[in-house]
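Chemist: based on what follows, work out the 3D shape:
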Amino acid sequence: MPDVQLMGAKEFAQLSGDQKIADSVQEDRLVNIPENFGITEIPIYVYNISTQEFNESRPPNHPRLLIRACPPGQEYLLVGQITHPFREMTEDANFNKGFRYTDGYREATKMLNPQNPGTDQDFDDGSPLNVGGNLNRYGIFWSIHNPPLGQELKAARARVEKTYRAELEKMVAIEARSPDEARNVATKTAHAAAAYYGRSFSWHRSDLVPSASPAGQIDCPNCAEKIAATAAVCRHCDAVLDEEKARKLFPDRFRRGPGRPPNEAAA
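Modeler: Numbers count the residues shown, from 1 in each chain. The predicted structure is shown next:
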């Protein structure tokens, strides 16, 4: 089986969905289109657990990578999806555009951390040249699971908490030297870190903002997963944490059928 097939550039450009390209190419130009050899495409999901929004550029495949912020009080947000194998855009010396199939897991990893040589999302070279470039530091991660696994969310929280602790240590040192300087240099990550831990400083007042961030979360007494402190029912194990509130929110689950004893008489 040949590893490429030939088709007219016009036809290929139209199949690619980019009408501007389709209108600009000539019929007599050919491009190489690799086959995927019948491999079933596997979806790769990108999640954000941070209340920060990110707008990065990862050319050539992701010239505008917009990652929406996770709403306060929500555990995670699905912000994007690619597939494995991944169709990577190519362009030859004659400006013919095409695609080639590449490792989707590597693409997802490079998309979030271009300096990562593998697929381990805990990898962080610590290089000052990569500050802001490693989105894994800020609670962004990829997974083949939808919803993500509990262990994946736990690992993402560990990475973002490490980042936030380092950011607060830096800001505390700056504030001790000069509160004015701290107010001038406080970044969105610094503010997110202060909000996450519910800390107030001269440059950030968490006590003046209603807390709906992960700082307002607790461990479920039944399954130990993170949940909102005001939750009536655990979203992970379905344990009832506040029966009075749960009865108002979910009356059907407390409705008893004929012959069932009242709640206080139940064993």
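Chemist: remind me which helix or strand the nearest residue to Ile82 once chain neighbours are set aside belongs to.
Modeler: Closest residue to Ile82 apart from its sequence neighbours, by C-beta to C-beta, 6 or more residues apart in numbering: Ile44 at 5.2 Å. Every C-beta, even on glycine, is put in place using the N, C-alpha and C of the backbone. Assigned by DSSP states H and E, Ile44 belongs to strand 42-48.
Chemist: adjacent strands (with direction) for that strand?
Modeler: Paired with strand 42-48 in the same sheet, following DSSP bridges, are strand 77-84 (antiparallel), strand 140-143 (antiparallel).
Chemist: give me the buried positions along that strand.
Modeler: Neighbour-count burial for strand 42-48 flags 44-48 (criterion: 16 or more other C-beta atoms under 10 Å).
Chemist: distance from it to the middle of the chain?
Modeler: Offset of strand 42-48 from its chain centre (C-alpha atoms, centre = their mean, to the nearest Å): 8 Å.
Chemist: now that strand: average pLDDT?
Modeler: Strand 42-48 comes out with an average pLDDT of 96.
Chemist: what does stretch 170-189 give?
Modeler: Averaging pLDDT along stretch 170-189 yields 95.
Chemist: now stretch 201-216
Modeler: pLDDT averaged over stretch 201-216 gives 69.
Chemist: before we move on, what about stretch 243-256?
Modeler: Stretch 243-256 shows a mean pLDDT of 69.
Chemist: now do the SS call for Glu101.
Modeler: Just to correct that, residue 101 is Tyr rather than Glu. Secondary structure for Tyr101, judged by DSSP: H, G, I helix; E, B strand; the rest coil, is strand.
Chemist: so for it, what's the nearest residue that isn't a sequence neighbour?
Modeler: Pro85 (4.2 Å).
Chemist: could you do Ala194 as well?
Modeler: Here the residue nearest Ala194, using C-beta to C-beta, 6+ apart, is His204, at 4.1 Å.
Chemist: thinking again about what came up before, okay, the buried residues of strand 42-48 in a markdown table with distance to Ser57 next?
Modeler: Shown next, in a markdown table, are the buried residues of strand 42-48 (distance: C-beta to C-beta, whole Å):
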| residue | distance to Ser57 |
| --- | --- |
| Ile44 | 20 |
| Tyr45 | 21 |
| Val46 | 16 |
| Tyr47 | 20 |
| Asn48 | 17 |
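Chemist: for the stretch 51-200 of the chain, what spans make up the strands?
Modeler: Along the stretch 51-200 of the chain, counting by DSSP state E, counting those that start in this stretch, strands occupy 54-58, 62-67, 77-84, 86-91, 97-102, 140-143.
Chemist: mind checking which of these is nearest Val233?
Modeler: strand 77-84 (20.9 Å; C-beta to C-beta).
Chemist: what sits up against the closest one?
Modeler: The list of residues contacting strand 77-84 from outside it, by C-beta atoms under 8 Å, 6 or more residues apart in numbering, reads 41-49, 65, 67-71, 103-105, 107-108, 111, 140, 146.
Chemist: same question for stretch 48-60.
Modeler: 62-72, 75-77, 79, 88-89, 91, 110-111, 114, 135, 138-141, 153, 156-157, 160, 188-189, 192, 195-196, 213-214.
Chemist: not counting sequence-adjacent ones, nearest residue to Asp124?
Modeler: Leaving out its chain neighbours, the residue that sits closest to Asp124 by C-beta to C-beta, 6+ apart is Asn134, at 5.8 Å.
Chemist: and the one you found, what is it in contact with?
Modeler: Counting by C-beta under 8 Å, 6+ apart, Asn134 makes contact with 112-113, 115-116, 124.
Chemist: repeat the analysis, applying 10 Å as the threshold.
Modeler: 112-116, 121, 123-127, 140, 159, 163 (C-beta atoms under 10 Å, 6 or more residues apart in numbering).
Chemist: quick one: the helices in the stretch 1-150 of the chain, in order.
Modeler: 9-16, 19-24, 104-112, 150-177 (DSSP state H, counting those that start in this stretch).
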